[in-house]
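S.K.: coords below, sequence missing:
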Ligand SMILES: [Zn+2]
């Protein structure tokens, strides 16, 4: 058997167009060659695992670029990554197949086509039209007719909170190897479903996400079907390619792929009114009152409007200010506030020093109340090194932890996603000493979810406010829920095929 050479590339960033910060070159984490093998990287590791299982297959990891969710990529940043990807594919080819690991909610300043499709276009520029290309995606992304024309097979995550990155990379690669070994010509059909929903209303641990995602296995098992996938979309972005997507790949039968994709789209549309928040949810005032009354911890509280893992800047101090105003605040950590000037000031003052600061001074995403407070600097450093598996970065920017009575707040020079217990441990915070943890998340990330006794999602303000009904939609295809009142819909006019 001849050896198959499979290239691995990708540009995986969830971009929030409404963020006042752009994602620049300095914000990227770029892994090249051996770094992609050594790094135990999100999504990449499942691709490598599947390639390693076959004799006569050579994995050629070239480059994977990622970043914490944030604003749109600057055009310079995107152009450099696109160019290097094309060059690496050309210089190291020829390849029998390519795996592309993207997110699906990439946005780039000034680009008017779906950016993830444009990145696939770059891959095609390098390898030509005939080399099979597998795309591995997050489920919070979008799809477009061009993407489907350019991809040979597609797999997306099937859990939110995301616990199946390995399986997803594995499935993409498994489909790609099947194409290469058998010579089949897969057919992909997709349906855009006009539903805009926050990820928090479409988790796979509660309805309707749980049963819709569970149903995918029954589609996969049908004769002639390779995979069915659902993309929830990224509704915070008002883009022409917005909405949910039902996506079915057959091993060649176009009609079968289309009928299955439309059936799946209808299944989703039937449940359109069920995409609501089912976790414990409260206004800021009510949620903090419940928190103050809680006797058993750890209680995790999400400042959902400023969720950095959905691309928000993390700059808002409203929840910290409200907690400091509570008559009897709980022993709490308020973690992950972006405040570069405050961090510099604290690091200059040193651990043990008292510091007077004005909360609200560094708000960039929303004007807010200011509050002057004095606290004690209890820890900090130029870098924050995180142990354990990290879905984003293992080394974070300069930071400080400041104590205000029973509350400790952590401030960071750059946006950070507090997604693992190691984030607290690495800042020297004894988790057992606190009953409450405020984090800038929406739903809890898996390893936080695993340790939480209780979760309260605060409907706070910010760039990713969960109030989607009252947004001023200008670019999405109308009608769409919840921007428009309920309407009749069938998948016919929203179906496209590759
Ligand atoms: Zn996601």
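M.R.: Structure's in. What do you need? This is a predicted model, so every value here is computed, not measured.

S.K.: show me where the stretch 151-300 of the chain has strands.
M.R.: Under the criterion DSSP state E, counting those that start in this stretch, the stretch 151-300 of the chain contains strands at 153-156, 187-193, 225-231, 244-250, 281-282, 299-303.

S.K.: in its sheet, what does the fifth one sit against?
M.R.: Taking DSSP bridges as the criterion, strand 281-282 pairs within the sheet with strand 454-458 (parallel).

S.K.: thought residue 184 was touching residue 253?
M.R.: No: counting by C-beta atoms under 8 Å, residue 253 is not a contact partner of residue 184; they are 10.4 Å apart. For every residue, glycine as well, the C-beta is placed using N, CA and C.

S.K.: before we move on, back to that, present the strands of the stretch 151-300 of the chain as JSON lines; the columns should include mean pLDDT, mean neighbour count and distance to residue 48.
M.R.: Formatted as JSON lines, the strands of the stretch 151-300 of the chain follow (pLDDT from 0 to 100; neighbours: other C-beta atoms under 10 Å; distance: least, C-beta to C-beta, whole Å):
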{"stretch": "strand 153-156", "mean pLDDT": "98", "mean neighbour count": "27", "distance to residue 48": "15"}
{"stretch": "strand 187-193", "mean pLDDT": "98", "mean neighbour count": "26", "distance to residue 48": "24"}
{"stretch": "strand 225-231", "mean pLDDT": "98", "mean neighbour count": "24", "distance to residue 48": "20"}
{"stretch": "strand 244-250", "mean pLDDT": "98", "mean neighbour count": "28", "distance to residue 48": "22"}
{"stretch": "strand 281-282", "mean pLDDT": "98", "mean neighbour count": "17", "distance to residue 48": "39"}
{"stretch": "strand 299-303", "mean pLDDT": "98", "mean neighbour count": "26", "distance to residue 48": "32"}
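
S.K.: could the ones you listed be laid out in a markdown table, adding distance to residue 436?
M.R.: Formatted as a markdown table, the strands of the stretch 151-300 of the chain follow (distance: least, C-beta to C-beta, whole Å):
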| stretch | distance to residue 436 |
| --- | --- |
| strand 153-156 | 34 |
| strand 187-193 | 38 |
| strand 225-231 | 34 |
| strand 244-250 | 34 |
| strand 281-282 | 14 |
| strand 299-303 | 5 |
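
S.K.: in JSON lines, list these along with distance to the ion.
M.R.: As requested, the strands of the stretch 151-300 of the chain are arranged in JSON lines below (distance: least, C-beta to the ion, whole Å):
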{"stretch": "strand 153-156", "distance to the ion": "9"}
{"stretch": "strand 187-193", "distance to the ion": "18"}
{"stretch": "strand 225-231", "distance to the ion": "10"}
{"stretch": "strand 244-250", "distance to the ion": "13"}
{"stretch": "strand 281-282", "distance to the ion": "20"}
{"stretch": "strand 299-303", "distance to the ion": "15"}
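
S.K.: among the ones you listed, which comes closest to residue 64?
M.R.: Distance to residue 64, taken as C-beta to C-beta, is lowest for strand 153-156 among the strands of the stretch 151-300 of the chain, at 16.3 Å.

S.K.: can you list the strands that the closest one pairs with?
M.R.: Strand 153-156 pairs in its sheet with strand 133-137 (parallel), by DSSP bridges.

S.K.: following the partner strand, which helix or strand comes up?
M.R.: Of the helices and strands lying after strand 133-137 in sequence (DSSP states H and E), the nearest is helix 145-150.

S.K.: that next one packs against which elements?
M.R.: Helix 145-150 sits against helix 115-127, strand 187-193, strand 495-497, with contacts defined as 3 or more C-beta pairs under 8 Å, 6 or more residues apart in numbering; DSSP states H and E.

S.K.: give the partner strands of the last one in its sheet and their orientations.
M.R.: The partner list of strand 495-497 in its sheet, established with DSSP bridges, is strand 187-193 (antiparallel).

S.K.: circling back: export the helices and strands packed on helix 145-150 to JSON lines and tack on distance to residue 135?
M.R.: What follows is these, written out as JSON lines (distance: least, C-beta to C-beta, whole Å):
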{"stretch": "helix 115-127", "distance to residue 135": "7"}
{"stretch": "strand 187-193", "distance to residue 135": "10"}
{"stretch": "strand 495-497", "distance to residue 135": "16"}
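
S.K.: give me the number of residues near residue 8?
M.R.: 28 (other C-beta atoms under 10 Å).

S.K.: let's have the chain start at 529 instead
M.R.: Noted, 529 is the first residue going forward, which turns the last one into residue 536.

S.K.: domain ranges for the protein?
M.R.: Domain assignment for the chain, taken from automatic domain parsing, gives 532-804, 809-986.

S.K.: nearest spatial neighbour of the residue of the chain found nearest the ion, chain-adjacent residues omitted?
M.R.: As assessed by C-beta to the ion, the ion sits closest to residue 668 within the chain, at 3.6 Å. The shortest distance from residue 668 to any non-neighbouring residue, by C-beta to C-beta, 6 or more residues apart in numbering, is to residue 762 (5.0 Å).

S.K.: what is the burial count for residue 919?
M.R.: For residue 919, the count of nearby residues is 18 (other C-beta under 10 Å).

S.K.: now do the one 10 residues further on
M.R.: Summarising burial for residue 929: neighbours were counted as other C-beta under 10 Å, giving 23.

S.K.: do the same with residue 923
M.R.: If you count neighbours by other C-beta under 10 Å, residue 923 ends up with 10.

S.K.: ok, residue 611 next?
M.R.: For residue 611, the count of nearby residues is 11 (other C-beta under 10 Å).

S.K.: and what of residue 730?
M.R.: Counted with other C-beta under 10 Å, the neighbours of residue 730 add up to 27.

S.K.: verify the stated contact: it with residue 763.
M.R.: No: contact criterion C-beta under 8 Å: residue 730 and residue 763 do not qualify, at 9.3 Å.

S.K.: near the ion, which residues of the stretch 629-778 of the chain?
M.R.: Residues of the stretch 629-778 of the chain lying near the ion by C-beta under 5 Å from the ion: 666, 668.

S.K.: likewise for the stretch 829-978 of the chain?
M.R.: Checking the stretch 829-978 of the chain against the ion by C-beta under 5 Å from the ion, there are no hits.
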